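J.: the following comprises the amino acid sequence and a computationally predicted model.
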Amino acid sequence: MIRIKCPICGLRNETEFTYGADATVKRPEMGEQEQQPWVDYVFNRDNPRGWHKEYWHHVQGCRQWVVLERNTLTHEIGECKLAREVEQ
Amino acid sequence: MKRLDTGGRIDRSKPLSVTFDGTALPAYHGDTLASAMLAGDTMVVGRSFKYHRPRGVYSAGVEEPGAMVHLRDGNRHEPNARATVVEAFDGLVSSGQNAWPNVRFDVGAVNGLFSPFLSAGFYYKTFIGPFKNTTKFWMMCEAFIRKAAGMGRGTYLEDPDHYEKRNAFCDVLVIGGGVAGLSAALAAGRSGAKVILAEQDFELGGAVLSEPIGGEDEAWVEAVLTELQSMENVRILTRTTAFGAYDGDVYGLVERVSDHLKAPENHQVRQRYWMVHAERSILATGAIERPLVFGGNDKPGVMLANAARTYLNRFAILPGESVVVCTNNDSAYETAAELARAGATVTLAEMRASVPSSLTHEATEAGVSILIGHAVLEARGKSRVASAVVVPIDASGQASGAPKTIPADLIATSGGWSPAVHLWSHLFGKPIYNEDAACFIPRSEENHKMQAAGTAMATTSLSETIEQGFDQGVKAAQATGHAKECGARPDHFMTGAYWQRGIEPIWAVVRTNGKCQGKAFVDFQHDVKISDIDQAHLEGYVSVEHLKRYTTTGMATDQGKLSNVNALARMSELRGMKIPEVGTTTFRPPFTPISMASLVGHEHGKHFRPTRLSPIHHWHVENGAKMTEAGAWMRPWYYAEAGEGLDEAYIREAAHVREHVGMVDVSTLGKIAIQGPDAAEFLNRMYVNGWKTLQVGRLRYGVMLREDGFVMDDGATARLGEHDYFMSTTTANAAKVLAFSEHLLQTAWKDLKVHVTTVTDQWAAIAVAGPKARDLLSNVFKGADLSREALPNNHFTYAKLDGVAVRIHRMSYSGELAYEVYIPSGYARAVWETLHEQGQKYRIKPYGTESMSTLRIEKGHVAGPELEGRTTMKDLGLEAFASSKKPFVGSVLRKRPVLEDPERPTLVGLEIDGATGAKSGSILFPKTGETKGHGDGWVSSTTYSPALGKNIALALLKNGSSRKGETVRVVNFIGNETLTAKVVSHHFFDPKGERQNA
């Protein structure tokens, strides 16, 4: 069980959130016509050992998407920011 | 065994009625079931897992491997209860398990004769080897073995009790209420920190509870407890096991609130699951004594030395009158001396070659005869110990002289102590080996939020234990920002010899040939003998993890609390390595078995997942609707009239809609308010079709894809205002569409000024469909112009009914002239009832999801069974909706070559031959050839069509569009049924849509 410091709601239980996606992957621009950037966006992921950035959804709270730093090795939780305030 | 007249921590004024296998046990308040058994001289209380050997009470704590019993009866029946931790209560009923007809005479003991065949890995060798291709034979043997080698049986009756969960937050969690834990809690409590102290026993004091009553140590516990109880910031939980330590500083605790009662008192729960969020924790879990390995070391009458002492001092039971104590360390001397003083004849077999007279003095004074350099080679006796075979041994535990037999009814053994490092191991993995104390202890690192104290860290005196506990309490208080003075450490008190000082690591006693005499057990619960470890080694097993799984040592419900180190020690000896080089296995939660019910709490049955009800739900129920589950929702399935079953009802309902008019509750549709200046642009990106041209007052059907190009959802969206849209989604995908929209708007599309909000619960919806729909609604909603000219398809208008403002969308799912009436939820039932009442003259009937499905299949509309995540627009014939003028979610990836493959199954209609319909999921095959494998496609939706008078189905079929007219076989492999069907267009009924445009 981890706790996540939601920038809107404060420190909340993991059970209020759902994991969403890898936050280090940038979505191609809408006008992108090539397939490869979309394939990379949808399917190709790094599997880093250590600190990582993830999208989590505060689905049982303020419904904001947050970018959460999580250590994949120790399951430590780092900084949590609103996704809309993070440069993609 | 006998109960002493004085002493102990039992209340002789409160006798309790406790039975085992129908026999009354002499129990008092303060007893455990095990102590009551011993007081009643009940020696055989269980049968072992594999060989059905008689087993007795081996310990006095959570590590108990033998005294596993059935507890209580009826719907509170519970298997595998450890008698040593079951608090005696008035009316306690228990019985033996894993035995027939009873534990004293057990037919299954015949397994013992076959023991040469039941050694390590016997499953694999016997049934995987020569019989590997004879599955049926294997299965038969498996069933037999499982039955013969087993644990207790559970009950199928529903648990009558309540269980609850709660969260708790504290600065310092102290795990264990012994001397170290009490010291830690005292320090942290004085600092003002919020403290939770959890103790699994029903009394606090830990090891002090096993000391003679009235001592200095008891007074110490009293004083500390009094101070702790006066602190408002300290919560003391007894009967509470901390069973797991988890990421995020979370600890799982189970409090056995009412387990010590016959039944929970009024409104009280049986058990409570605490999820404790603690900034710091102190592991003061003490240590568990290790058994010694020798022949017959599992017989009733062989017991851990400290357990014998606990039964003597805590429960006032003389556990034996002729006692042989065998030890490799100092801790058993007090047991020997106290047993002798209580009247037993005691011989102490000291395994070490020499010990100082300061150690032996007290015992000798008490009348114990001490044999230096001796050990028990074998325990003898049929179903309980009658004598001990004692031999002189060398430094490795090998017999070095002539054995002699000493009559004994109790053999008390001590092989040293294993700190209870389990919870530390949950967080930090493998513990480290301490050579001096010959045990594994936690690695102490400054940055760890859990620190161990006391005998869990292998302290060697009570004063050291108090110091360490108190100091860790101070540190934890400071770390959580509580700087208040913690005061002086409570006074130290001294006792005689303390635990495992001077341990000599001799674990097993063997004959001159290196073997034990008779069956010598390492793991009592799983019947793993030392010879099984030897055999595993011979067969080349080197890793302890493999050893564990091959021999199953440490895999029983006690999780190797007693067996772990002895098995490792043997393995390291065989490999000629030291214990730390061989390593240890990993401990995982739970520390001791916990009930599933405590984890489930209230979350079972309907409480597992909330049921969603439409605001019209109760009308449906009151009017005879058969309800069905649709995701979390309950929906009317069909409204049976007299004598009707499902088939008659849905066929009648569907036909009725096409002939007259019907109404269906579609409140479960997902509804999302999409608002903001960029709402149209947002819709343009989300849906495959274009939205920029949609005018206010109109609505449009749209299809949505996932990022990978597969179809996600469909539905209609209405433009309510300039920047105000109302989207509907399928019932199943409402949450997914909303979360996906929020994700895109908050990450990639931050530039769009759009707000999305769910309004599913705010709006109810009723679809009114059939040739009479317009007449009916015009009559009910007076003043609303619903004419063909004023309100064509895909338009909406507003109306009022008794002051309730509603919105009427004209759109059809059934293919009939149809409207959807959107109503504020609170008024939905009133509007439904008015429509139903005033609709009587138009012969209106409610219809359910089954006939709704029939109507849409007749029209060839896709729904959940077709939008199942593996289908593309092209597969479903929806490609015409996709705009080529703009990008949308999935627009590039939907064109991946593999998704453009013309061979992909595409949507077709099937007319099924014969009177029975096809089953959904049936596989399609060409008219001739083998019916094997995945075939050419599958049936997705199926119904009887009253409009066509035949059974029809929607299906996905390879090259579907070019196979119209072909006959295919429809194979239901589950029902073993093959039908034939004609491939047709999926637009079965009114393909031009004339009826809905009426």
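T.: Yep, it's here. Numbers count the residues shown, from 1 in each chain, chains lettered A, B, ... in the order given.

J.: low-scoring stretches of chain B, by residue?
T.: Scanning chain B with the threshold set as pLDDT under 70 gives B:1, B:110-150, B:492-500.

J.: near chain A, which residues of it? Just list them.
T.: B:167, B:246-248, B:250, B:275, B:277, B:685, B:707-708, B:739, B:742-744, B:746-748, B:750, B:887, B:892-893, B:895-896 (Cβ under 8 Å from any Cβ of the partner chain). For every residue, glycine as well, the C-beta is placed using N, CA and C.

J.: PyMOL command for the buried members of those?
T.: A single PyMOL command selects the buried members of these (16 or more other Cβ atoms under 10 Å in any protein chain shown):
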select buried, chain B and resi 246+250+275+277+685+707+708+739+742+743+744+746+747+748+887+892+893
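
J.: residues touching residue 38, list them.
T.: This is for chain A. A:28, A:32, B:707, B:892-893 (Cβ atoms under 8 Å, 6 or more residues apart in numbering or on different chains).

J.: chain B was what I was after
T.: Residues near residue B:38 by Cβ under 8 Å, 6+ apart: B:1, B:57, B:311, B:315, B:317, B:319.

J.: as CSV, the residues you listed with neighbour count and secondary structure would be great.
T.: Output for those, formatted as CSV (neighbours: other Cβ atoms under 10 Å in any protein chain shown; DSSP: H, G, I helix; E, B strand; the rest coil):
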residue, neighbour count, secondary structure
B:1, 20, coil
B:57, 29, coil
B:311, 27, helix
B:315, 27, coil
B:317, 29, strand
B:319, 28, coil
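
J.: out of these, who's nearest chain A?
T.: For the contacts of residue B:38, the residue nearest chain A by Cβ to the nearest Cβ is residue B:57; the value is 37.0 Å.

J.: isn't the closest one up against residue B:83?
T.: Yes - at 6.6 Å, residue B:57 counts as touching residue B:83 under the criterion of Cβ atoms under 8 Å.

J.: which neighbours do these two share?
T.: B:34, B:37, B:45, B:64, B:67.

J.: pick out the most distant pair among the contacts of residue A:38.
T.: A:32 and B:707 (12.3 Å; Cβ to Cβ).

J.: max-length helix in chain B?
T.: In chain B, with assignment by DSSP state H, the single longest helix is helix B:462-479.

J.: what's next to that helix, contact-wise?
T.: By Cβ under 8 Å, 6+ apart, helix B:462-479 touches B:171-172, B:174, B:179-193, B:217, B:279-282, B:284, B:451-455, B:457, B:459, B:484, B:486, B:489-490, B:492-495, B:498.

J.: please produce a PyMOL select command covering the buried subset of those residues.
T.: Burial among these is assessed by 16+ other Cβ under 10 Å; the matching PyMOL selection reads:
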select buried, chain B and resi 171+172+174+179+180+181+182+183+184+185+186+187+188+189+190+191+192+193+217+279+280+281+282+284+451+452+453+454+455+457+459+486+489+490+493+498
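
J.: in helices only, show me the contacts of helix B:462-479.
T.: Using DSSP H, the contacts of helix B:462-479 in helices are B:179-190, B:217.

J.: okay, and residue B:830 sits in which element?
T.: Element membership for residue B:830, per DSSP states H and E: helix B:828-838.

J.: that helix packs against which elements?
T.: helix B:617-622, strand B:661-665, strand B:763-769, helix B:773-780, strand B:804-810, strand B:818-824, strand B:844-846 (3 or more Cβ pairs under 8 Å, 6 or more residues apart in numbering or on different chains; DSSP states H and E).

J.: can you name the next helix or strand after the second one?
T.: Sequence-wise, the next helix or strand beyond strand B:661-665 is strand B:670-675, with elements assigned using DSSP H and E.

J.: can I get the next helix or strand along the chain from that next one as CSV, trimmed to CA atoms?
T.: Sequence-wise, the next helix or strand downstream of strand B:670-675 (DSSP H and E) is helix B:679-686. The C-alpha trace of helix B:679-686 is given here as CSV (Å, rounded to 0.1, in the frame of the first residue of the first chain):
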residue,chain,number,x,y,z
ALA,B,679,-15.8,21.2,-27.1
ALA,B,680,-16.4,20.7,-30.9
GLU,B,681,-12.7,20.3,-31.5
PHE,B,682,-12.5,17.8,-28.7
LEU,B,683,-15.4,15.7,-30.1
ASN,B,684,-13.7,16.0,-33.5
ARG,B,685,-10.6,14.4,-32.1
MET,B,686,-12.4,11.8,-30.0
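
J.: how far off strand B:670-675 does helix B:679-686 point, in degrees?
T.: 130 degrees (axes from the mean of the first three to the mean of the last three Cα atoms, to 10 degrees).

J.: packing partners for the helix or strand just after helix B:679-686?
T.: Note on helix B:679-686: by DSSP H and E, the next helix or strand toward the C-terminus is strand B:699-705. Applying 3+ Cβ pairs under 8 Å, 6+ apart, one finds that strand B:699-705 contacts helix B:679-686, strand B:711-721.

J.: out of the ones you listed, flag the one nearest residue B:434.
T.: Proximity to residue B:434, assessed across these by Cβ to Cβ, is greatest for strand B:711-721 (58.6 Å).

J.: what is residue B:106 paired to in the beta sheet?
T.: Taking DSSP bridges as the rule, residue B:106 bridges to residue B:101.

J.: hmm, back to that, would CSV of the contacts of residue A:38 with distance to residue B:242 be doable?
T.: As requested, the contacts of residue A:38 are exported to CSV (distance: Cβ to Cβ, whole Å):
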residue, distance to residue B:242
A:28, 49
A:32, 53
B:707, 44
B:892, 53
B:893, 49
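
J.: now, among those, which is nearest to residue B:207?
T.: residue B:707 (60.9 Å).

J.: identify the residue spatially nearest to that closest one, adjacent ones excluded.
T.: residue A:42 (5.0 Å; Cβ to Cβ, 6 or more residues apart in numbering or on different chains).

J.: can you give me the neighbour number for that neighbour?
T.: The local packing of residue A:42 (other Cβ atoms under 10 Å in any protein chain shown) involves 19 other residues.

J.: now the helices for chain A?
T.: A:35-43.

J.: for chain B, what are the nearby residues on it?
T.: Counting by Cβ under 8 Å from any Cβ, chain A sits next to chain B at A:1-3, A:13-14, A:18, A:20-21, A:26-27, A:30-35, A:38-39, A:41-43, A:55, A:57, A:59, A:63-65, A:75, A:77, A:82-84, A:88.

J.: the domain parsing of chain B - what is it?
T.: Per automatic domain parsing, the structural domains of chain B span B:1-153, B:163-287+B:419-479, B:291-415, B:525-561+B:563-582, B:632-668+B:763-847, B:670-758, B:899-984.

J.: do you know how far the most far-flung residue of chain B relative to its centre is from residue B:996?
T.: What lies farthest from the middle of chain B is residue B:789; by Cα atoms, centre = their mean that is 60.8 Å. Per Cβ to Cβ, to the nearest Å, residue B:789 is found 16 Å from residue B:996.

J.: can you pull the contacts of residue 40?
T.: If you meant another chain, say so; for now it's chain A. By Cβ under 8 Å, 6+ apart, the contact set of residue A:40 is residue A:25.

J.: not quite, I wanted chain B
T.: Counting by Cβ under 8 Å, 6+ apart, residue B:40 touches B:1, B:20, B:23-26.
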